[in-house]
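K.L.:
Just to be clear, the model below is a prediction. Sequence and coordinates:
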Amino acid sequence: LRALRILGKADLIACEDTRVSGKLTSYYDISAPKMPYHDHNAEAARPKLLALLREGRRIALISDAGMPLVSDPGYKLVAACAAENIPVTCVPGASASLAAVVLSGLPTDKFMFVGFLPVKQAARRAALAEIKNVPATLVFYETGPRLEKSLQDMLEVLGDRQAAVARELTKKFEEVNRDNLSNLLKYYAGGGETRGEIVVVVGAPETDGGERWTEADIDALLLEMVGKQGMSVKDAAAYVSAKSGLKKRDVYQRALLLNKKGDR
């Protein structure tokens, strides 16, 4: 009700897609004009919005789904307003990340919102390696076409942790699958594209002292990253260092040695 009241009093509504938001404003007979504000036009649209705000206009920022500013360019507009002491307030609404954490069945005392992982596999694995040892539940946004590959990388980099895949939260076809990563991967592998908006929640690492890495383990992973994944020696060393917890300098020296042997 508060959100509808705010929209009704707004001089302008900034939204991702005016057609999508138009359905909402039409249904509730809200007449405020709409202006698109999304990833592709944010740099050009932001100065226009700021100029209107300086004039004392009231602007409501909404998203097509979920909570504005969570994985969208709205945060840059808020930062710009803060820099100019333009007042901003928040009307709490649905957030897929929070809903997924609640429904996952995983610990909620500490969780880290990661958002979307990189598209390319090497970069995606490197990003996962950087957060492998974070002692918190991890929350990712994902798309249907990439879900299987991301689950595969999560399994290989993070290990077979407890996890949940949540889809279409708060909608008619809401679905939450809870299992370990290996079983979730089997469930979604080869079953066709999973549709809808997806959140993957992964449990924190075990706190049993960690795994022990042998030289053979290090060598095998370095060779895989450089040979099969096409990483540079430097990137492979950084990846293996983050995954194993070993010093980057030591792993890099090992990678150089292996690379030199391979050139013979």
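P.N.:
Right, received. Where do you want to start?
K.L.:
Helices along the protein, start to end?
P.N.:
In the chain, the segments counted as helices under DSSP state H are 2-9, 18-27, 42-54, 74-83, 96-104, 121-130, 147-158, 181-188, 215-223, 233-244, 248-262.
K.L.:
Flag every buried residue along the second one.
P.N.:
It stands for helix 18-27. 21, 24-25 (16 or more other Cβ atoms under 10 Å). All C-beta spots, glycine's among them, are computed from the backbone N, C-alpha and C.
K.L.:
Make sure Thr25 is actually in contact with Ile13.
P.N.:
Yes. In this structure, Thr25 is within contact of Ile13 by Cβ atoms under 8 Å, at 7.0 Å.
K.L.:
list residues touching both of these two?
P.N.:
7, 32, 34 (Cβ atoms under 8 Å, 6 or more residues apart in numbering).
K.L.:
Only whichever of those are buried, select them in PyMOL.
P.N.:
In PyMOL, a selection of the buried entries from these looks like this (16+ other Cβ under 10 Å):
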select buried, resi 7+32+34
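K.L.:
Nearest spatial neighbour of Leu53, chain-adjacent residues omitted?
P.N.:
Using Cβ to Cβ, 6 or more residues apart in numbering and skipping residues adjacent in sequence, the residue nearest Leu53 is Ile86, 5.0 Å away.
K.L.:
Tell me how many other residues crowd that neighbour.
P.N.:
16 (other Cβ atoms under 10 Å).
K.L.:
give me phi/psi at it?
P.N.:
Here is the backbone geometry of Ile86 (degrees, to the nearest 10): phi -90, psi 120.
K.L.:
any idea how far it lies from Gly22?
P.N.:
26 Å (Cβ to Cβ, to the nearest Å).
K.L.:
Report how many residues lie close to Cys126.
P.N.:
You called it Cys, but residue 126 is Ala. Around Ala126 there are 22 residues (other Cβ under 10 Å).
K.L.:
which non-adjacent residue is nearest it?
P.N.:
Tyr239 (5.0 Å).
K.L.:
returning to that earlier point: with distance to Glu175 as added columns, please give the helices of the chain in JSON lines.
P.N.:
Shown next, in JSON lines, are the helices of the chain (distance: least, Cβ to Cβ, whole Å):
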{"stretch": "helix 2-9", "distance to Glu175": "26"}
{"stretch": "helix 18-27", "distance to Glu175": "22"}
{"stretch": "helix 42-54", "distance to Glu175": "32"}
{"stretch": "helix 74-83", "distance to Glu175": "27"}
{"stretch": "helix 96-104", "distance to Glu175": "10"}
{"stretch": "helix 121-130", "distance to Glu175": "24"}
{"stretch": "helix 147-158", "distance to Glu175": "12"}
{"stretch": "helix 181-188", "distance to Glu175": "11"}
{"stretch": "helix 215-223", "distance to Glu175": "35"}
{"stretch": "helix 233-244", "distance to Glu175": "31"}
{"stretch": "helix 248-262", "distance to Glu175": "41"}
